[in-house]
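**Q** Got a predicted structure here, sequence first:
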Amino acid sequence: MKDPIIRIRNVSFQRDDRLILDDVSMDIPRGSIVAIMGPSGVGKTTVLRLISGQLQPAKGSIEVNGKEVSALSRRQLYECRKDIGVLLQNGALFTDLTVFENIATPLREHTRLPEETIRERVMAKLDSVGLAGTEELMPHSLSGGMARRVALARAVILNPKIVLFDEPMTGLDPIARSTISRLIRETNDQMGLTSVIVTHNVEQMKKLVDYCYILATAKLIAQGTPQELMHSDDPAVDQFMNGKVEGPISFRYLPGKTDAGASQSGS
């Protein structure tokens, strides 16, 4: 495995009386695309928030580029986040800004680049995601797939080292899903990024990612390449990867206990 750019060591996280993550460890290799998978409610998005410093672990440590996130001051965390791009589930575009201004926002907030340079960078990123000519459109004029591509351009406009994707394929038609998947792969490889993708879309991940971690019942239950996991003889892994109803992963909500199938805010 390549040198990890993100190291997660023995991390536990609890919300109220509910244990979301229990002694979870992961390595995210530099330059790779890694999926964090599992049923709804198992803490996948929580892992992304811990990596970006939005949440703090109850136990354990998270290192990003050799720096322990929870030990950083506010100013240091702000600087660390400049190296992390984020693409949220619905794209989260600013509805009252044009496509151009959406993508330009991080440049305006974090740099003092002249307007001519900002325009050159934004137009280049739009072209790279196949949306040259859309810069004056408003978000409501975009299809779901187009909006997601604009969000991808915005996520990488500062040339980050890491991009975090939270369910990037949700709500897209098959063609748009394939387009976004291809763009994530191309962008990752061309820019030398490290991409972390939270998802439960097994079929898309089989084609896209280099390595997978599977969470269930607050624990890391499996890791490996998509091909290795598809042929796992572990009952829980087989159930998830092949979409079986019956198996050790329950879909029922049990108050006060971890539940791999419960739809919670710590998904």
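**A** Alright, I've got the coordinates.
**Q** Quick check, Ile6 in contact with Asp27.
**A** Yes: contact criterion Cβ atoms under 8 Å: Ile6 and Asp27 qualify, at 7.3 Å. All C-beta spots, glycine's among them, are computed from the backbone N, C-alpha and C.
**Q** quick one: which of the two has more around it?
**A** Ile6 (22 against 18; other Cβ atoms under 10 Å).
**Q** Nearest residue to that one in space, ignoring adjacent ones along the chain?
**A** Ile28 (3.8 Å; Cβ to Cβ, 6 or more residues apart in numbering).
**Q** ok, the one you found - contacts?
**A** By Cβ atoms under 8 Å, 6 or more residues apart in numbering, the residues touching Ile28 are 4-8, 34, 194, 196.
**Q** wait, which of the residues you listed is closest to Leu77?
**A** The nearest member of these to Leu77, counting by Cβ to Cβ, is Ile6 at 15.0 Å.
**Q** Point me to the helix or strand that includes the closest one.
**A** strand 4-15 (DSSP states H and E).
**Q** Need the residues that contact that strand.
**A** Strand 4-15 is contacted by residues 19-30, 43, 46-47, 50-51, 55, 57-65, 161-162, 194, 196, 265-266 when judged by Cβ under 8 Å, 6+ apart.
**Q** buried ones in that strand?
**A** 4-9, 11, 13-14 (16 or more other Cβ atoms under 10 Å).
**Q** Pick out whichever of the residues you listed sits closest to Arg177.
**A** The closest of the buried residues of strand 4-15 to Arg177 turns out to be Ile6 (Cβ to Cβ; 25.5 Å).
**Q** Can you spell out which residues form a bridge with the closest one?
**A** Beta bridges link Ile6 to Ile28, Val64 when assigned by DSSP bridges.
**Q** got it, and Thr194?
**A** Bridge pairing for Thr194 - DSSP bridges - gives Ile162.
**Q** Number of residues surrounding it?
**A** Thr194 is flanked by 25 other residues according to other Cβ under 10 Å.
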